[in-house]
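Novice: no letters, just coordinates:
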């Protein structure tokens with residue numbers, strides 16, 4: 001072939017590859033923009049309350065599943081939609097499907113790296129297992145959650161409170177009542193101190209009623225009665241419209257505590273008040289198909305009050321025997337449904353796999369042609385992102401990263417420290433020796449700070465010649481020593497643009513937590529150091 005022919009072939013191949021790359025790039029950009037646009041739609045769906053009626057439940061479920069099937073979504077949004085679908089299936093008592101969709105939600109949330117959302121889902125699973133008295137599985141969920149994020153490090157107060165409440169419930173059912181009380185009190189403290197949420201009253205009531213159960217089974221009936229009486233007029237307890245959603249977490253525990261109080265005040269088998277409370281609780285459990293909770297509660301009450309010589313507990317015996325028979329039959333029926341459900345699930349999985357294969361095959365050629373370009377774009381993207389988070393001159397974290405990290409430190413409610421520092425007479429260095437010399441001073445300080453920026457200590461360029469350290473709680477004990485070492489090390493530097501020149505730092509240190517204005521106090525201390533001779537540290 002001639003050179004002209006070779007050139008034409010090469011140009012044709014390049015044009016075809018260019019078209020394929022352009023198409024793939026267009027597809028990826030459109031997909032990304034669609035994901036961004038769909039985030040608001042997902043937010044609107046998942047932040048609505050779960051409907052009450054069957055028709056509304058099915059309508060929302062159809063909407064959620066349609067979004068999952070047809071919309072381009074981030075991993076987090078897909079995880080949140082699968083979580084909402086699982087909650088609807090649970091409300092419809094389709095427990096096998098609930099657990100399956102919860103698994104899907106966990107996969108996508110863990111892929112997204114959203115720790116708080118993942119912990120919340122593990123806690124919801126633990127709650128479901130506790131409701132079904134599957135305590136080993138509940139314990140596994142709590143352990144998984146703690147592997148994702150330690151409870152003390154959870155930023156979201158609502159999720160943090162939920163985590164401690166579930167931990168308290170596990171201790172309760174293991175009869176570790178002191179530990180249960182401690183965890184529930186910690187949950188309640190979070191609600192009372194830092195909550196600002198739509199579900200604040202609901203969460204507070206569920207936690208206090210859980211605490212009342214601890215008081216009841218440990219014989220502190222007056223304290224349990226104080227909580228029950230305080231909420232008897234609450235709409236969450238008094239109005240049936242809330243009962244379906246709160247039955248296992250609030251309503252049944254509430255009436256269980258009332259049974260304990262009534263039995264504690266009863267004298268014999270003919271005590272009408274005690275009989276009425278017990279019958280009300282039994283009827284409520286059986287109407288809601290909560291036989292496991294009913295059986296567990298009756299066994300605990302029978303044991304506790306029989307030890308106190310209360311003859312009224314004899315009346316529990318016949319009910320307990322019936323419950324054993326009914327639960328055995330229900331277990332067999334659940335097993336049969338499980339088998340049938342697994343067959344249907346297997347078919348559904350295969351359908352999804354075949355559909356995925358067909359869709360994937362149409363995209364292979366585009367993926368191969370554009371792989372190199374995508375790789376280059378990814379590298380460029382990460383370079384841009386990295387540069388936007390790092391100060392170009394000193395290689396320290398940028399000011400906007402500090403602002404983000406500071407807000408996170410405030411939300412955790414843990415104590416943290418701020419070290420503000422400023423190079424003394426820096427303008428004079430620039431004016432006398434030129435801006436290149438000033439840049440070398442800034443670079444040298446950045447290099448020193450990076451040596452100390454490890455683990456719980458993070459360093460940032462705050463602006464101009466001003467720098468800042470953010471010190472987490474575990475390193476607060478060494479913050480004064482770190483600041484002093486930095487000050488001395490910088491003072492000892494030798495500068496190639498002027499023999500014998502000494503450049504120093506003034507510093508301010510402050511500590512606090514939550515919404516304390518720690519930065520303002522540290523800046524005030526820095527100003528005091530500058531005003532009173534420079535080259536010194538002022539602290540709280």
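Specialist: Here it is on my side, so go on. A quick note: this is a predicted structure, and the numbers were derived from the prediction, not measured. Numbers count the residues shown, from 1 in each chain.

Novice: grab the most central residue of this structure for me.
Specialist: Nearest to the centroid of the C-alpha atoms of the chain, with distances taken as CA atoms, centre = their mean, sits residue 116, at 1.3 Å.

Novice: from residue 286, how far out is residue 280?
Specialist: 11 Å (CB to CB, to the nearest Å). Any C-beta I mention is one placed from the backbone N, CA and C, and that applies to glycine too.

Novice: my guess is residue 514 is in a strand, correct?
Specialist: No: looking at residue 514 with DSSP: H, G, I helix; E, B strand; the rest coil, it is coil, so not inside a strand.

Novice: all the strands of the stretch 351-500 of the chain, residue numbers only.
Specialist: For the stretch 351-500 of the chain, applying DSSP state E, counting those that start in this stretch gives strands covering 416-423, 457-463, 466-471.

Novice: quick one: residues contacting residue 151.
Specialist: Under the criterion of CB atoms under 8 Å, 6 or more residues apart in numbering, the contact list for residue 151 reads 145, 160, 163-164, 167.

Novice: give me phi/psi at it?
Specialist: Note on residue 151: backbone dihedrals following degrees, to the nearest 10 are phi -60, psi -40.

Novice: likewise the one 3 residues further on?
Specialist: Its backbone dihedrals place residue 154 at phi -70, psi 130, with angles given as degrees, to the nearest 10.

Novice: residue contacts, the closest residue to it other than its chain neighbours?
Specialist: Leaving out its chain neighbours, the residue that sits closest to residue 154 by CB to CB, 6 or more residues apart in numbering is residue 160, at 4.1 Å. Counting by CB under 8 Å, 6+ apart, residue 160 touches 151, 154, 190.

Novice: and if you look at residue 471?
Specialist: 416-419, 456-458, 479, 482.

Novice: how about these in CSV, adding pLDDT and distance to residue 96?
Specialist: Converted to CSV, the contacts of residue 471 look like this (pLDDT from 0 to 100; distance: CB to CB, whole Å):
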residue, pLDDT, distance to residue 96
416, 95, 45
417, 94, 51
418, 96, 52
419, 96, 55
456, 91, 45
457, 94, 49
458, 95, 46
479, 93, 53
482, 94, 55
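
Novice: between those, which is nearest residue 135?
Specialist: residue 456 (35.8 Å; CB to CB).

Novice: so who does that closest one touch?
Specialist: By CB under 8 Å, 6+ apart, residue 456 lies in contact with 471-475.

Novice: what of residue 106?
Specialist: By CB under 8 Å, 6+ apart, residue 106 lies in contact with 79, 118, 121-122.

Novice: so which of those residues comes closest to residue 39?
Specialist: For the contacts of residue 106, the minimum distance to residue 39 (CB to CB) is 12.6 Å, reached by residue 79.

Novice: name the element that closest one belongs to?
Specialist: Assigned by DSSP states H and E, residue 79 belongs to helix 75-91.

Novice: buried sites along the helix or strand following that helix?
Specialist: Counting by DSSP H and E, the element after helix 75-91 in chain order, helix or strand, is helix 95-112. By neighbour count on 16 or more other CB atoms under 10 Å, the buried set for helix 95-112 is 95-102, 104-106, 108-110, 112.

Novice: tell me how far helix 95-112 lies from the chain's centre.
Specialist: Between the centre of helix 95-112 and the centre of its host chain there is 15 Å, according to CA atoms, centre = their mean, to the nearest Å.

Novice: same check, this time on stretch 34-47
Specialist: Relative to the centre of its chain, stretch 34-47 is centred 19 Å away, using CA atoms, centre = their mean.

Novice: would you mind measuring from the nearest residue to residue 193 once chain neighbours are set aside to residue 156?
Specialist: Taking CB to CB, 6+ apart as the measure, residue 193 lies nearest to residue 413, with 7.7 Å between them; neighbours along the chain are not counted. As for residue 413, its distance to residue 156 is 11 Å (criterion: CB to CB).
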